[in-house]
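1. What follows is a predicted structure for the sequence shown.
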Amino acid sequence: MVVKLLTLNKPHEVELKLNSNFPQNVNVIGYDKNNQKYFDRNVYLNQPEIKLRFGCPITPNNLYVKINANNKENLKVTPKLNNLGSTFIFDSSTREFVEFIQEFCTNYHKYKAQKTYYSRSKKFKIVHLNTIGETTPARIHKTKHFIEVGKDYFKDISIPMRVFILCHEYAHIYMNTVPENEFEADINGAKLYLKLNYPIIELLYSFTKIFGESPETIKRSIAITNYVKQYD
Ligand SMILES: [Zn+2]
């Protein structure tokens, strides 16, 4: 089932009330006409009524919400659009970075691989590659500070996941006290990401769906989960 919501390019919190007669797994995807995903969430309905909320600081004119469930006949979906608080970042450099990456992540289908893209004043630079050739979606150069993005990872993930990954890279250089510290980049990246009103769950998906299951990643995943609890 697909629900069309008139989001009019404005920030919104999409609320979905799901009523089901019995427990079942449901997958909910919010996407635009270019197939860019605003959220992609799996939920187990273990009670007759569950409300899901998706923070969408950036929206298309029309947002399509697709609900996949094994037992659609027994599922009732009621959508609602709520206000989402707007944010203002005072520091102009951070603002330039945020504008640059939000545009890049939202209209990702327009950005060709093997090309370089710059922010407004050219302070920030994304080198967009088919692949970085590593088990990572992105990385930032230690001294030259450009960010490399691998299309192999980026093309299928949701907009918030892309945003978080780039906030993490930004944090390494511009927010961390120790640039190479991954734990610190996760926390600082999360601070920026959450300030922009993106959903916590999509941030956590970046760890579970992308970064793999190395002992280091599991430790980072636990640390970030503990950190974001305070925002719940
Ligand atoms: Zn990192």
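-> Happy to help now that I have it.
2. Which residues of this protein lie near the ion?
-> 182, 185 (C-beta under 5 Å from the ion). Glycine gets a C-beta too; all of them are placed from N, C-alpha and C.
3. can I assume residue 137 is in contact with residue 151?
-> No. Assessed by C-beta atoms under 8 Å, residue 137 is found out of contact with residue 151, at 9.4 Å.
4. And the pLDDT for the residue nearest the centre of the chain?
-> In the chain, the residue lying closest to the centroid (C-alpha atoms, centre = their mean) is residue 160, at 1.3 Å. Looking at residue 160, its pLDDT reads 97.
5. which secondary structure element contains the closest residue to it other than its chain neighbours?
-> Excluding its sequence neighbours, the residue lying closest to residue 160 (C-beta to C-beta, 6 or more residues apart in numbering) is residue 202, at 3.7 Å. In this structure, residue 202 sits in helix 200-205 according to DSSP states H and E.
6. Now find how far off-centre whichever helix or strand comes after that helix is within its chain.
-> Going down the chain from helix 200-205, the next helix or strand is helix 215-228, by DSSP H and E. The chain centre lies 17 Å from the centre of helix 215-228; the measure is C-alpha atoms, centre = their mean, to the nearest Å.
7. Going by neighbour count, list what's buried in helix 215-228.
-> Using 16 or more other C-beta atoms under 10 Å as the test for burial, helix 215-228 gives 217, 220-221, 223-224, 227-228.
8. before we move on, what about stretch 153-170?
-> For stretch 153-170, a neighbour-count test (16+ other C-beta under 10 Å) marks 153-154, 157-170 as buried.
9. Which members of those are the farthest-apart pair?
-> Spatially, the most separated pair among those is 158 and 170, at 18.6 Å (C-beta to C-beta).
10. mind giving me the domain split of the chain?
-> Domains of the chain are assigned by automatic domain parsing as 2-82, 92-231.
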